[in-house]
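# Have a look at this prediction, sequence included:
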Amino acid sequence: MNDDQIRELAARLRIDSIRAADAASSGHPTSSMSAADLMAVLMCRHLHYDFARPHDPNNDHLIFSKGHASPLLYAMYAAAGVISDEELLTFRRHGSRLQGHPTPVLPWVDVATGSLGQGMPIAAGIALCGRVLDRLPYRVWALCGDSEMAEGSIWEAVEHAGAHRLGNLTVLVDVNRLGQRGETMHGWNLASYAERARASNWNALEIDGHDITAIDDALTKATATADRPTMIVARTIKGYGATETADVEGKHGKPLQDPQKAIAELGDVGPIHVDVATPDTAAAPHTFPADPTIASPTYELGGDPVPTTMAFGQALAAVMRRRGDVVALDGEVGNSTHLEEVNERTADRYFEMFIAEQMMLAQAVGCQVPGWTPFVSTFAAFLSRCYDFVRMAAISQAALCINGSHAGVSIGEDGPSQMALEDLAQFRALGGSIVLYPCDPNQTVALVELMAEESGISYLRTTRSGLPTIYGPDEQFRIGGAKVVRHTDHDDVTLIGSGVTLHEALTAADTLAESGITARVIDLYSIKPIDTETLTAAADATAGRFVVAEDHWPEGGLGDAVLSAFADSDDRPRVVKLAVGHLPGSGTGPELLHEVGIDADAITAAAQRLVQIGSQPELAAQGR
């Protein structure tokens, strides 16, 4: 297409953005209109994408980090001929693929965007995959809004992309000056963005975002710059092309009041079809060597206590040697998360993300886009910093394996800032998630191997303190399972634990036996999905007496998971929840477990009281 034809395409993209928002009576047409020229030039002259084969590994990737500009993206799909005009006008309707913000329900959308500051880091993650893992020449393009440039995650990504010299990444920043409620922090000061990018080893170009020639020249220079990423900082006008909206405050997120007038001002351009260039190559992604004969690490029953963090690292190292598709990411704590062996044996698939947890999760999401299996590992407490990335990954239906280490008061002297007492609740709350909490090293190995086979988001909680090995290396586990590690035919009470509290429950069971109380002990290693069948059998066998101990706040963790298993039951067990009920300080692990009331002493006392109440009808009736 010549320049005039590209201008007509840009006008049509604006018109279709207006029409889509008008049909929905909602949406963000003005944010779409400002970037239409940028996308028109990209689409016609620089993007290489086979819409008929959206999963072709050689396709470029286009990420709308400003996901609210979805009308523009859908208008591009209409111009490419992959959605009809009728579907375009279903924008935001119930049942439509054209949701308010893009999601992978559309095969041409790699990841869900809409939480600002995430699309660009994920684009950087995909670009790193192209350079290091796939080793293919595809390019990654990201469209950012100027408002989201205030997000710290953007600048984490800028630093990482610059450090890795990702010449296959181009970020277009739509600097239209206006945010949701007024002017952005930097207005039209293009240098405020460009100079920071240059300081992180980027090629930064400042242009007029409505000048077709300038846009084309900048994109050409970006493609020719192989040794560093490019940021094109484009001065644009929000709502460009319509007098009702052009640089007018208060128009964000609203359909136009007079769309027909705006369409007329844009020239009433009819539908335009664009034949987007397909990839120049048909190369296969790089593959890494795999040795299926590599054995899993094993640990001796009754041997020295082993931290499950260590077992995680050794298990992942074995999985990565057996499978060439698995990659590991760590947030500069690899000597604590025990990924040294991973880095030693499979360094070409190990990503050090430094203290940038948001970028770490973005990189993981980027890795799974072309089909890699990422394992993310850091202290569980630090995952709260990037929880929004995990939340959006669930919307993207991303496959992520996440290890949160050093969780709970059992870590001891580091104190509450490091303890992660809310992580189980966070990950249980994600739709379709898997939440696992092993209590010994052999179990940890088995669960790591199961995680690698799962789709969706799976979370493994691991512990720094050494734990006894109670399972042999051939013990079988399953997602959604539990283990009854102690029982008789006449149990009085059920003790339930996971991780460190499972061992406290076993000690409590020994103490209870001395006083004539027999306890069934359940290792609830799969917190979500939960083994309702095993719990129900235990409730029936122990007259509904449950004591649940967890190294976690009372809300949303192990105890609440047990209660949820009986939500629809007419015969619910009585559940005593022992959890961290107050803010702990520093101390040894045993001291803190005792202080917060989740150690063997606390479990023993709770079980004795529960059995006493159950054996004395007058106390049970009084609720005492």
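Nice, thanks for sending it over. Residues are numbered from 1 along each chain as shown.
# C-alpha from now on. contacts and neighbour counts both.
Noted.
# Would you mind pulling the contact partners of the host helix or strand of residue 21?
Taking DSSP states H and E as the criterion, residue 21 maps to helix 3-24. Outside helix 3-24, the residues within contact range by Cα atoms under 8 Å, 6 or more residues apart in numbering are 27-29, 32-33, 36-37, 39-41, 44, 71-72, 74-76, 79, 88-93, 212-213, 241, 254-256, 259, 262-263, 266-272.
# what's the closest non-adjacent residue to the spatially most central residue of the chain?
Centroid-nearest residue in the chain, with Cα atoms, centre = their mean: residue 390, separated by 2.5 Å. Spatial nearest neighbour of residue 390, chain neighbours left out: residue 361 (7.1 Å); criterion: Cα to Cα, 6 or more residues apart in numbering.
# Quick one: end-to-end length of stretch 568-583, please.
From its first residue to its last, stretch 568-583 covers 33 Å (Cα to Cα, to the nearest Å).
# Can you give me the buried ones in that stretch?
Of all the residues in stretch 568-583, those buried under the rule 16 or more other Cα atoms under 10 Å are 572, 573, 575, 576, 577, 578, 579, 580.
# Over to stretch 175-193?
175, 176, 177, 178, 179, 184, 186, 187, 188, 190, 193.
# Any idea how far apart the tips of it sit?
Using Cα to Cα, the two ends of stretch 175-193 sit 10 Å apart.
# which intervals of the protein have sub-threshold pLDDT?
615-624 (pLDDT under 70).
# try 50
Applying pLDDT under 50 to the chain flags residues 618-624.
# which residues touch the spatially closest residue to residue 481 that is not a sequence neighbour?
Using Cα to Cα, 6+ apart and skipping the chain neighbours, the partner closest in space to residue 481 is residue 531 (5.1 Å). Residue 531 makes contacts with 480, 481, 482, 524, as judged by Cα under 8 Å, 6+ apart.
# okay if I get these as a markdown table plus neighbour count?
A markdown table is the format used below for the contacts of residue 531 (neighbours: other Cα atoms under 10 Å):
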| residue | neighbour count |
| --- | --- |
| 480 | 17 |
| 481 | 20 |
| 482 | 21 |
| 524 | 29 |
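# Next step: the residues you listed restricted to helices.
Among those, no member falls in helices (criterion: DSSP state H).
# of those, closest to residue 55?
Of all the contacts of residue 531, residue 55 sits closest to residue 480, with 31.8 Å by Cα to Cα.
# my guess is that closest one contacts residue 523, does it?
No: here residue 480 does not reach residue 523: they are 11.9 Å apart, not a contact under Cα atoms under 8 Å.
# Surely the residue nearest to residue 390 and residue 384 touch.
No: using Cα under 8 Å, residue 361 is not in contact with residue 384, being 11.4 Å away.
# Ignoring the adjacent residues along the chain, who's closest to residue 125?
residue 363 (4.1 Å).
# Now do the SS call for the one you found.
helix (DSSP: H, G, I helix; E, B strand; the rest coil).
# Quick one: neighbours of it, just the number.
27 (other Cα atoms under 10 Å).
# ok, back up a step: gap between the helix or strand following the helix holding residue 21 and the chain center?
Per DSSP H and E, the first helix or strand lying C-terminal to helix 3-24 is helix 29-34. Relative to its parent chain, helix 29-34 has a centroid offset of 28 Å by Cα atoms, centre = their mean, to the nearest Å.
# So which residues make contact with helix 29-34?
Contacts for helix 29-34 (Cα under 8 Å, 6+ apart): 13-14, 17-18, 21, 68-72, 174, 176, 236-241, 245, 251-256.
# What sits closest to residue 561 if chain neighbours are left out?
For residue 561, the closest residue by Cα to Cα, 6+ apart turns out to be residue 527, at 6.6 Å.
# I'd say residue 35 and residue 239 touch.
No: counting by Cα under 8 Å, residue 35 sits too far from residue 239 to count as a contact (9.3 Å).
# More neighbours: which of the two?
Between residue 35 and residue 239, counted using other Cα under 10 Å, residue 35 has the larger neighbour count: 32 against 29.
# okay, how far is it across stretch 456-465, tip to tip?
End-to-end distance (Cα to Cα), stretch 456-465: 29 Å.
# what's the burial count for the residue nearest to residue 492 when sequence neighbours are not counted?
Using Cα to Cα, 6+ apart and skipping the chain neighbours, the partner closest in space to residue 492 is residue 542 (4.9 Å). The number of residues packed near residue 542 is 20, by other Cα under 10 Å.
# doesn't residue 488 make contact with residue 542?
No: applying Cα under 8 Å as the test, residue 542 and residue 488 come out as separate, 10.3 Å apart.
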